[in-house]
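In: Just the structure for this:
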Amino acid sequence: MRLGFIPRSLLGCLLFSLIMPAWSHELPQPDGDVMLTVSGDISNPNVGDEARFDRQMLDALPSRVIETHTPWTNGKSRYEGPLATAVLDAAGARGTWFEVRALNDFAAKIPRSDLEEYAVILAMERDGEPMPIREYGPIFVLYPFDDHPELRNETIRFRSVWQVSNIHVE
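Out: A predicted model of the protein is given here:
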């Protein structure tokens, strides 16, 4: 039994459980480079009227692994990242629709019901490696396509934004 090893997902949940009570009132400021900005109808801003997250903050949120094929990649891959609902909850998002915007300004609106029903993640790793910009990173809205064949449609493909930089809560 190795006591010194804690799986990253378990470590993230432990860290989240320790810091989330503080986030219910005030979201800490990022120490590292900002990966994601959440704006709009939120109650926990940390920089002006926005909630900004660095990698460490996103890693501390409850995460999920999705093993799936996607319409854009070859073969099945293992994706990991925080649950989209956990990120929005940390920001105090009050809306029911979210405009997700990519680095190239592509944007799609996603209903909260999608995020909850399918446990959508903001994937930051593919097959154990951080996702670079040229390969759908740094953040990719990922649905569990293989678990739910009904997700293989044009609407969901449009909502599966990659190179995510901002989420605006409506």
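
In: how about the helices in this structure?
Out: Remark: helices assigned in the chain by DSSP state H are 8-23, 55-59, 84-91, 112-117, 154-159.

In: Find the residue closest to residue 120 in space, skipping its chain neighbours.
Out: Among residues not flanking residue 120 along the chain, residue 84 sits closest, at 4.7 Å (Cβ to Cβ, 6 or more residues apart in numbering). C-beta: built from backbone N, CA, C; applies to glycine.

In: give the contact list for the one you found.
Out: 110, 115, 120-122, 141 (Cβ atoms under 8 Å, 6 or more residues apart in numbering).

In: Go again with 10 Å.
Out: 61, 64, 93, 98, 100, 110, 112, 114-116, 118-123, 139, 141-143, 164, 167 (Cβ atoms under 10 Å, 6 or more residues apart in numbering).

In: By mean pLDDT, which helix or strand of this structure comes out lowest?
Out: When the helices and strands of the chain are scored by mean pLDDT, DSSP states H and E, helix 8-23 comes last with a mean of 46.

In: Out of the contacts of residue 84, which end up buried?
Out: 61, 64, 93, 98, 100, 110, 112, 114-115, 118, 120-123, 139, 141-143, 164, 167 (16 or more other Cβ atoms under 10 Å).

In: Help me confirm that residue 43 comes into contact with residue 94.
Out: Yes - look at residue 43 against residue 94 with Cβ atoms under 10 Å: they come within range, at 6.5 Å.

In: what's the overlap in contacts for these two?
Out: With contacts defined as Cβ under 10 Å, 6+ apart, the residues shared by residue 43 and residue 94 are residue 169.

In: how far does stretch 108-115 sit from the chain's center?
Out: What separates the centre of stretch 108-115 from the centre of its chain is 12 Å, taken as Cα atoms, centre = their mean, to the nearest Å.

In: Next, the distance between the ends of that stretch.
Out: 14 Å (Cα to Cα, to the nearest Å).

In: do stretch 48-62 as well
Out: First-to-last distance for stretch 48-62 - Cα to Cα - comes to 25 Å.

In: repeat for stretch 143-161
Out: 10 Å.

In: which parts of it are buried?
Out: 143-145, 151, 156, 159-161.
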